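Novice: Model the structure of this input:
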Amino acid sequence: MTELSSLWLPILLSAVVVFIVSSIIHMFLPWHKGEYPQIPNEDKVMDALRPFSIPPGEYMVPRTSSMEEMKSPEFKEKLNKGPVMIVTVLPNGPVSMGKSFILWFLYSIVVGFFAAYVAGRALPEGAHYLQVFRFVGATAFMGYSFALWQMSIWYNRSWKTTITATTDGLIFALFTAGVFGWLWPR
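Specialist: Numbers count the residues shown, from 1 in each chain. Okay, the predicted model is just below:
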């Protein structure tokens with residue numbers, strides 16, 4: 001067993017490395033382009049929705065308030081008539097990346113923390129690089145990737161988007177595992 005307190009350097013450094021790698025992936029590599037295609041007649045759709053002043057949040061359209069209502073002919077007609085959507089509404093105005101960057105970095109620390117916890121419980125100080133790499137890599141991969149699959153399973157998110165994000169998660173996990181293997185206490 002390795003004390004969690006001796007693993008703060010790899011936790012923090014792996015978060016920095018993942019932050020840098022994810023920035024490179026999103027700025028310079030093409031595989032995230034086209035994940036969110038433009039809606040047909042974008043201007044008309046925006047003009048039609050603007051008067052409703054929909055607050056930021058996630059919405060399902062149409063949506064029922066009960067299981068009984070879900071079985072009603074009126075609701076079934078709404079589903080057939082469409083459109084059927086799950087919509088994320090963002091705040092109006094320019095996109096501010098600062099908050100997202102901070103939250104992403106904190107999330108990377110949390111993933112590193114849990115990877116350190118699992119590996120630290122399983123491995124002693126002085127463990128071989130590949131042992132550390134295996135435990136940390138598997139745990140970090142789960143932290144960066146598995147929850148993404150639910151969006152495709154339940155909410156019809158594009159599997160291409162999910163697989164691309166899972167590939168990102170694998171890359172982040174490999175870098176996290178490499179940092180831990182390198183900095184594991186001897």
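
Novice: residues contacting the spatially most central residue of the chain?
Specialist: Using Cα atoms, centre = their mean, the residue of the chain that lies closest to the mean C-alpha position is residue 148, 5.9 Å off. The contact partners of residue 148, by Cβ atoms under 8 Å, 6 or more residues apart in numbering, come to 162, 165, 166, 169. To be clear about C-beta, it is placed using only N, CA and C from the backbone, and glycine gets the same treatment.

Novice: okay, it: pLDDT?
Specialist: For residue 148, the pLDDT comes out at 95.

Novice: Over to residue 96?
Specialist: Note on residue 96: pLDDT of 86.

Novice: swap in residue 30?
Specialist: Residue-level pLDDT assigned to residue 30 equals 86.

Novice: Based on its surroundings, how many neighbours for it?
Specialist: Neighbour count for residue 30, taken as other Cβ atoms under 10 Å: 6.

Novice: go on, residue 12?
Specialist: 16.

Novice: how about it, what does it touch?
Specialist: Counting by Cβ under 8 Å, 6+ apart, residue 12 touches 109, 112.

Novice: Next, please give the residue ranges for the helices of this protein.
Specialist: 8-28, 42-49, 67-70, 73-81, 97-122, 129-145, 149-155, 159-183 (DSSP state H).

Novice: can you list these in a markdown table and add distance to residue 2?
Specialist: A markdown table is the format used below for the helices of the chain (distance: least, Cβ to Cβ, whole Å):
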| stretch | distance to residue 2 |
| --- | --- |
| helix 8-28 | 11 |
| helix 42-49 | 53 |
| helix 67-70 | 50 |
| helix 73-81 | 54 |
| helix 97-122 | 4 |
| helix 129-145 | 9 |
| helix 149-155 | 31 |
| helix 159-183 | 10 |
